[in-house]
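Visitor: Sequence and predicted structure are below.
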Amino acid sequence: MTANLPLVILVGIMVAAGVTLVLERSLTRILIGFVLIGNGISVLYLVISGPAGTAPIVGLSDEPMSDPLPQAMVLTAIVITLGVTSFGLALAYRAWQLTGHDDVQDDVEDDLIRRRAEQDETSVTFDGADAALPDEDGSDEGPHPAIGIDEPETTVPDAIADAEQGTP
Amino acid sequence: MNQIVLLPVILPLLGAGLCLVFGRSAFAQRIISIAVLALVVTVSAILLVRADQHGPQTVNVGGWPADIGISLVADRLSALMLLVSTIVTLCVLLYSFGQGIVEFGRDAPLSVFHPTFLVLSAGVSNAFLSADLFNLFVGFEILLVSSYVLITLGGTGARVRSGTIYIVVSLISSAVFLIAIACVYAATGTVNLAALSGRIAELPPEIANLLQLLLLTTFCIKAAVFPLSAWLPDSYPTAPAPVTAVFAGLLTKVGIYAIIRTQTLLFPDNDLRTLLLWAAVFTMVVGILGAVAQSDIKRILSFTLVSHIGYMLFGVAIGSTAGLSGAIFYIAHHITVQTTLFLVAGLIEYRSSTTNLDKLGGLARAAPMLSVMFFVPAMNLAGIPPFSGFLGKLALVQAGVADDRWLSYVGVAGAIITSLLTLYAIAKVWNRAFWQPAEDAEELGHDSHGGSMHGRSGVSTKTDRTSSWKTSEQQRLPLGMVLPTLLLVGLSVGLTVVAGPLLDFTTRAAEELQGRSSYIVAVLGGGG
């Protein structure tokens, strides 16, 4: 099988642009990126179906006919992309209703670690003796200021609860 | 007679349509859903017996020959997966009636849950039965799209947040799958699995490797294999208990099933076994370390789910008959046990309005029944003899030792460490939620109580129960939720009782997978 080079390059460009968009924060852009990837893949199916021929109906003509199977597959893929995209748009709208934006929010664990960092709080299992060692440049200011086991600990469910109340 | 292979796909879809017609009557929807799933369980049992006695059962949809049309095949592996998954689905459905999941909030339309659940079941069946790569993709899409709806059910903030991540990751995996199918078709000119098994062997090895890697990447995202597993523990725990339970039981296992099917049928002697073994070891160990660090029952269970996927992958990576047989046995065991544990977590949440270990306590005294229901599957998961978890792990470890390469011994060590750490994580849940006196828990969690947990699940949105112990002590568990859970606990214990015959069966299934010829003959030679 000989592949159609311009089409292959087109697929590459579309998928690359799509991947760039999917890496964005906003769900709407992710969806546009996904649509681009989906369309790129549809073009890929054009590539694999080989050179164009006559309509794939047996007995219509003696010319070589197009391969119907990739067409059937790509139709299915297009329909699925359509359905999923509309669901994604509804989801983005719902996220906008709830929070005023449609950014994909952080993992709960990430959120937790960031809060700990903001409070300058270490894990309860943190060994204070390690922090007391002098730094490499010799600025030994004594033990780390906040080895606060008494401070209220932020727990994962709290972070989940906050995410629920819409605090970004 | 072979036409019954179609039923596990068609019946739930018909049921979903009927449910939509009777969208206004919850009662009619329940009757339809139960009837449909009960029928599918029966059909799957018949298929299992027939596949075991007469070889793979094939049907060519629409009567087209196999290399043009779509074939559905039920061999031993498919039939076993189908039976276990439909039984579990039925139990979860019953549980959801008990919980009144459809009640959660006026926001969620009453009519959505049952049709979506049935469509999910149809998608899972289609993926298990498909003998065609593209139809497998369609099966995946059916179950994924319905899982999108289920995971964002009710549209609360937390569910939209976790659902978004889940959906984006699934979309990417679907895109990779489509590219993989395009490459397979371009290289071989067919997407029929049986025809592919011959044609891929004729390809140059580097192209075959590329195809294998593309397919493996897709299935590893779906099965949550490390390093492609980060999405799972974040997205599963926020969904309502029955939804999480059925996801945990089925969705990742469909990915593992696809890995087993493609590895054995398309790439029987592959160079990627080493890679798979490493992936298995890391999935086991990294997953369970995540579970150890958590303080919420649902999140702990999600991490154990990721971790135990590693066991199944380990069996596949060993590739011997014993390894495959152990992996198949482990899937059957893990579907039931993991689903049961998530249902029990749902019961704990119903009773105490939280699954946070810092706020739970004294459940062993307050709810002895619940404790037993947690204890039995939990010990089963950790692999305490004589439960099926122990037998499955034993089979895998034996297969690993018999393989006798240093990497297999690494895998065996990883499996044993993971088993111990699972026991540790489970014991932590047991000690803190069940044995720790309730007073301690109240002190620990008192300041942060105040309703912050409301809205996390369907159950806690519908009432304004306070989470303090005095009131929740009067909280009785509804029988409709307890009975299905008990049924599943019984089923997981029952797997232990029938472990001998079941292991014989999985060994036959593994031999059939490795023989390949019966599957290929059934698809390409027979049918109609």
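Guide: Thanks, I have the structure now.

Visitor: what's the spacing between residue B:39 and chain A?
Guide: Residue B:39 sits 27 Å away from chain A, going by C-beta to the nearest C-beta, to the nearest Å. (Glycine included, C-beta is placed from N, CA and C.)

Visitor: Now for that residue: which residues touch it?
Guide: B:7, B:11 (C-beta atoms under 8 Å, 6 or more residues apart in numbering or on different chains).

Visitor: cool, residue B:330 as well?
Guide: Taking C-beta under 8 Å, 6+ apart, one finds B:308, B:311-312, B:315, B:392-393, B:395-396 in contact with residue B:330.

Visitor: Now which of these would you call buried?
Guide: Buried members of the contacts of residue B:330, counted by 16 or more other C-beta atoms under 10 Å in any protein chain shown: B:308, B:311-312, B:315, B:392-393, B:395-396.

Visitor: Quick check: the farthest pair among those?
Guide: Farthest apart among the buried ones among the contacts of residue B:330 by C-beta to C-beta are B:308 and B:395. That separation is 14.1 Å.

Visitor: Can you check which helix is longest in chain A?
Guide: If you go by DSSP state H, chain A has its longest helix at helix A:68-99.

Visitor: so after it, what's the next helix or strand?
Guide: helix A:108-118 (DSSP states H and E).

Visitor: where do the helices sit along the stretch 151-300 of chain B?
Guide: For the stretch 151-300 of chain B, the helices defined by DSSP state H, counting those that start in this stretch cover B:157-188, B:193-202, B:205-223, B:231-235, B:241-246, B:252-265, B:273-293, B:297-318.

Visitor: mind checking how far the fourth one is from the chain centre?
Guide: Translated: helix B:231-235. When C-alpha coordinates are averaged (C-alpha atoms, centre = their mean, to the nearest Å), helix B:231-235 and its chain have centres 14 Å apart.

Visitor: didn't residue B:410 look like it was pressed against residue B:281?
Guide: Yes. Residue B:410 lies in contact with residue B:281 (C-beta atoms under 8 Å); the separation is 6.0 Å.

Visitor: Who has more neighbours out of the two?
Guide: residue B:281 (24 against 15; other C-beta atoms under 10 Å in any protein chain shown).

Visitor: can I assume the more buried one is in contact with residue B:414?
Guide: Yes. Using C-beta under 8 Å, residue B:281 is in contact with residue B:414, at 4.2 Å.

Visitor: Between the two, which contacts overlap?
Guide: With C-beta under 8 Å, 6+ apart as the test, residue B:281 and residue B:414 both reach B:310, B:314.

Visitor: show me where pLDDT drops low in chain A?
Guide: A:1, A:121-168 (pLDDT under 70).

Visitor: Look up how far chain B lies from the residue in it sticking out farthest from the centre.
Guide: Residue distances from the centre of chain A (C-alpha atoms, centre = their mean) peak at residue A:62, which lies 47.9 Å from the mean C-alpha position. The gap separating residue A:62 from chain B is 21 Å, by C-beta to the nearest C-beta.

Visitor: With residue A:93 instead?
Guide: From residue A:93 to chain B the distance is 10 Å (C-beta to the nearest C-beta).

Visitor: Chain neighbours aside, what residue packs nearest to that residue?
Guide: In this structure, residue A:93 finds its nearest non-sequential neighbour in residue A:102, 7.8 Å apart by C-beta to C-beta, 6 or more residues apart in numbering or on different chains.

Visitor: A helix includes the residue farthest from the centre of chain A, no?
Guide: No. If the criterion is DSSP: H, G, I helix; E, B strand; the rest coil, then residue A:62 is coil and not within a helix.

Visitor: Phi, psi for it please.
Guide: The phi/psi pair for residue A:62 (degrees, to the nearest 10) reads phi -90, psi -10.

Visitor: got the residue ranges for the strands in chain B?
Guide: B:57-60, B:71-74 (DSSP state E).

Visitor: pLDDT averaged over the first one - what is it?
Guide: Same thing as strand B:57-60. Averaged across strand B:57-60, the pLDDT comes to 84.

Visitor: elements contacting that strand?
Guide: helix B:26-54, strand B:71-74 (3 or more C-beta pairs under 8 Å, 6 or more residues apart in numbering or on different chains; DSSP states H and E).

Visitor: Given it, what are its sheet partners and their directions?
Guide: strand B:71-74 (antiparallel) (DSSP bridges).

Visitor: Need the contact partners of the partner strand.
Guide: With C-beta under 8 Å, 6+ apart, strand B:71-74 has contacts from B:5-6, B:9, B:47, B:50-51, B:56-61, B:82, B:126, B:129-132, B:135, B:192, B:194, B:519, B:522-523, B:527.

Visitor: rewinding a little: mean neighbour count added to the strands of chain B, as CSV?
Guide: Formatted as CSV, the strands of chain B follow (neighbours: other C-beta atoms under 10 Å in any protein chain shown):
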stretch, mean neighbour count
strand B:57-60, 23
strand B:71-74, 27
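
Visitor: any chance of these in JSON lines, with distance to residue B:505 too?
Guide: Shown next, in JSON lines, are these (distance: least, C-beta to C-beta, whole Å):
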{"stretch": "strand B:57-60", "distance to residue B:505": "16"}
{"stretch": "strand B:71-74", "distance to residue B:505": "14"}
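
Visitor: Compare the ones you listed and give me the one nearest residue A:110.
Guide: strand B:71-74 (42.8 Å).

Visitor: Flag the shaky bits of the stretch 351-500 of chain B, pLDDT-wise.
Guide: Checking the stretch 351-500 of chain B against pLDDT under 70 turns up B:438-476.

Visitor: which residue ranges form the helices in it?
Guide: B:363-366, B:368-382, B:388-403, B:406-429, B:438-445, B:458-462, B:469-472, B:479-497, B:499-515.
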